[in-house]
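Colleague: Build me a structure from this.
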Amino acid sequence: MTRLARTYPGPTLNRDDGEPAWPAGWSLERFNSMKVMETFEIPHGDLALMTAIRDTFHPLPPTPSVEEMLRNIAEGQARRRAELGLPPVLAVAAPKEMTGQIVETVERLGPSGRPWGFVLLRVTYGDDARWAAFKSRFMELLQQSVDPELEVGWERIKDDLSIEMIEDVALDHAGLPESLKYFQGVQERGGIAVGLDLQVFLVVNEECVNSVLNAEGDGVPFVLAQDVEYGQQEEEQNEESYPGVFKVSIDALLSSLYVGLQGMSMAPEELWPFADPIFEGTDFF
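Modeller: As a prediction, this is how the structure comes out:
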């Protein structure tokens, strides 16, 4: 359909008496009620003039915001329910901010400012320089294991992360029984801070140090996780049974081991089967 061509001598929007200069036969009511197809039959100049008159003399009210529209709907529903004698609708709480698994676990277990993390026993004492290098690299890898963009809320808890390192030359070359007995003694004397008293503690021997300082290619830096309660069950042990200690990649310490123990309430023995030969997480977290 071809629009009729017509031009106006000028943008005169009002008559001499000040009233809107609607073209003959037109008014605000007719203009607002016309159908879309009618616009193709109106000369372009007339359409532009009437649109300008409408916008100048009868501007549309501003479009309400989404919040205003929702509030108006809620108020209308409330009035309607009151008229019908119905009780008001219970308010729905705003959705909580999505948080990462580590953050959710830490904030659920304790107040802000409380330390969280692991206790670590050093059981290799031959080269203090290598140990210093290990500690530095270990903490660096631990921090790198967390992606702040994925672990929403990390800024709130990162400064409370604590790795309490216990060093005693008497532990040099200590095996599972000796390190476990030593840790339990520290625990009985109240030497383990609340928030670090997990079902496991970490152990670093020379093999762990080498994995961190000499990691190349597909090598996985790891430490040992030792079950605090291992041996308390009076059960016969065999080669295929739970050994009470397993290797854990540093990358999985917070996201998988800590979350599994503290967030999922899993026992160390339940996580051990995923250490093949190093625990790097599970199929479900």
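
Colleague: from what I can see Pro221 touches Ser211, true?
Modeller: Yes - the criterion here is C-beta atoms under 8 Å, and Pro221 meets it with Ser211 at 5.0 Å. C-beta: built from backbone N, CA, C; applies to glycine.

Colleague: Show me the common contact partners of these two, please.
Modeller: None of the residues lies in contact with both Pro221 and Ser211 under the rule C-beta atoms under 8 Å, 6 or more residues apart in numbering.

Colleague: residue boundaries of the strands in this protein?
Modeller: 116-122, 161-167, 200-204, 222-227, 245-249, 278-279 (DSSP state E).

Colleague: So which elements touch the last one?
Modeller: The criterion is 3 or more C-beta pairs under 8 Å, 6 or more residues apart in numbering; DSSP states H and E, and the helices and strands that strand 278-279 contacts are strand 245-249.

Colleague: what is the rounded mean pLDDT of the strand it packs on?
Modeller: Mean per-residue pLDDT for strand 245-249: 98.

Colleague: got the contact list for that strand?
Modeller: With contacts defined as C-beta under 8 Å, 6+ apart, strand 245-249 is touched by 176, 202-203, 220-227, 230, 257, 268, 271-272, 275, 277-280.

Colleague: ok, back up a step: switch the strands of the chain over to a markdown table; also include mean neighbour count and distance to Val103.
Modeller: Rendered in a markdown table, the data for the strands of the chain read as follows (neighbours: other C-beta atoms under 10 Å; distance: least, C-beta to C-beta, whole Å):
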| stretch | mean neighbour count | distance to Val103 |
| --- | --- | --- |
| strand 116-122 | 22 | 10 |
| strand 161-167 | 16 | 11 |
| strand 200-204 | 24 | 21 |
| strand 222-227 | 24 | 22 |
| strand 245-249 | 22 | 20 |
| strand 278-279 | 20 | 22 |
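
Colleague: Thr39 is nearest to which of the ones you listed?
Modeller: Judged by C-beta to C-beta, the one of the strands of the chain that comes nearest to Thr39 is strand 161-167, at 66.1 Å.

Colleague: Within the sheet, what are the partner strands of the closest one, with directions?
Modeller: Applying DSSP bridges to the sheet, strand 161-167 is found paired with strand 116-122 (parallel).

Colleague: Mind checking the pLDDT average for the partner strand?
Modeller: Here the mean pLDDT over strand 116-122 is 98, rounded to a whole number.

Colleague: That strand to strand 245-249, inter-axis angle?
Modeller: Note on geometry: by axes from the mean of the first three to the mean of the last three C-alpha atoms, to 10 degrees, strand 116-122 and strand 245-249 are set 120 degrees apart in direction.

Colleague: What would the lowest-mean-pLDDT helix or strand in the chain look like as PDB? C-alpha coordinates only.
Modeller: In the chain, the helix or strand scored least confidently by mean pLDDT, DSSP states H and E is helix 66-83, which has a mean of 78. The C-alpha trace of helix 66-83 is given here as PDB (Å, rounded to 0.1, in the frame of the first residue of the first chain):
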ATOM      1  CA  VAL A  66      10.100  -3.100  36.700                       C
ATOM      2  CA  GLU A  67      10.200  -2.600  40.500                       C
ATOM      3  CA  GLU A  68       7.300  -0.100  40.300                       C
ATOM      4  CA  MET A  69       5.200  -2.500  38.200                       C
ATOM      5  CA  LEU A  70       5.800  -5.400  40.500                       C
ATOM      6  CA  ARG A  71       5.000  -3.300  43.500                       C
ATOM      7  CA  ASN A  72       1.700  -2.100  41.800                       C
ATOM      8  CA  ILE A  73       0.800  -5.700  41.000                       C
ATOM      9  CA  ALA A  74       1.500  -6.800  44.500                       C
ATOM     10  CA  GLU A  75      -0.500  -3.900  46.000                       C
ATOM     11  CA  GLY A  76      -3.400  -4.700  43.700                       C
ATOM     12  CA  GLN A  77      -3.300  -8.400  44.700                       C
ATOM     13  CA  ALA A  78      -3.200  -7.400  48.300                       C
ATOM     14  CA  ARG A  79      -6.300  -5.200  48.000                       C
ATOM     15  CA  ARG A  80      -8.200  -7.900  46.100                       C
ATOM     16  CA  ARG A  81      -7.300 -10.500  48.800                       C
ATOM     17  CA  ALA A  82      -8.400  -8.100  51.500                       C
ATOM     18  CA  GLU A  83     -11.800  -7.600  49.700                       C
END
